[in-house]
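In: I need the structure of the sequence given here:
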Amino acid sequence: MADILLDNQVAPTTPASGKSVLWVDSTTKIFVQTNDTGRHTGDFSRNDATASQTPAAATDTYVTNSGLLIPSFGMKAGMAFKWIIAVSKTAASTAALVLTVRIGTGQSTSDTSRLALTASVAQTAAAADGVMTVLVGVRSVSASGVIAGGFGIAGAVGLGGGATGASSTFDNSALQGNYVGLSINTGTSGAWTLFHVASELVG
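Out: Numbering: from 1, shown residues only. Next up, the predicted model:
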């Protein structure tokens, strides 16, 4: 069986009309296609956490391995950051969950908060299990760029509701090599377990 060996590289120039380029990004080490309009498509970055996590109550805690690496060509309008998290809670908390989208290189709460999403419906005093889905898209890229998205939780009502929103404008024109990740605050007395985290950046 023959191997195909490709050098990792930064984004190539836009190919001629009727052609596309297949290449491997030097930052994320992921296979990318660039078409004749200059659009890059592919699964740009992936991450996962297979060990259970128990974020401390009323504490903004970075979700381990939620960071998605931005490729060498930076953010592009239409990119989508996706997280799927299997969650469980005890009956202790009745607070509203807060999820924060952070961007930086630390993969920690030291990264800059760009979008804070507070659940529209608070948790109830009941144990519950479910699956949280978070979707954040890039609306625009410039010195005054915007990201927007939301989250929802499929499962028992004890987990509370979801939220949607858009960020304030910020310079997202040169973020290659940064990570986009999540922090979570389960609120007063929140006793949550995150059983698995699957993260993906697509475009």
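In: ok, the closest residue in space to Gly38 that isn't next to it in sequence - contacts?
Out: Excluding the flanking residues, the one nearest Gly38 by CB to CB, 6 or more residues apart in numbering is Thr14, at 4.0 Å. To be clear about C-beta, it is placed using only N, CA and C from the backbone, and glycine gets the same treatment. By CB atoms under 8 Å, 6 or more residues apart in numbering, the residues touching Thr14 are 34, 36-38.
In: ok, now Phe195?
Out: Neighbours of Phe195 in contact, by CB under 8 Å, 6+ apart: 52, 86-88.
In: what sits against the residue nearest the centre of the chain?
Out: Nearest to the mean C-alpha position of the chain, by CA atoms, centre = their mean, lies Phe81 at 4.2 Å. For Phe81, the contact set (CB under 8 Å, 6+ apart) comprises 68, 101, 134-137, 149, 180, 199-201.
In: for it, helix, strand, or coil?
Out: Phe81 falls in the strand class when you classify it by DSSP: H, G, I helix; E, B strand; the rest coil.
In: regarding this structure, what is its longest strand?
Out: strand 128-140 (DSSP state E).
In: counting contacts, what elements does it pack onto?
Out: strand 80-89, strand 146-155 (3 or more CB pairs under 8 Å, 6 or more residues apart in numbering; DSSP states H and E).
In: residue boundaries of the helices in the protein?
Out: Shown for the chain, no helices are assigned by DSSP state H.
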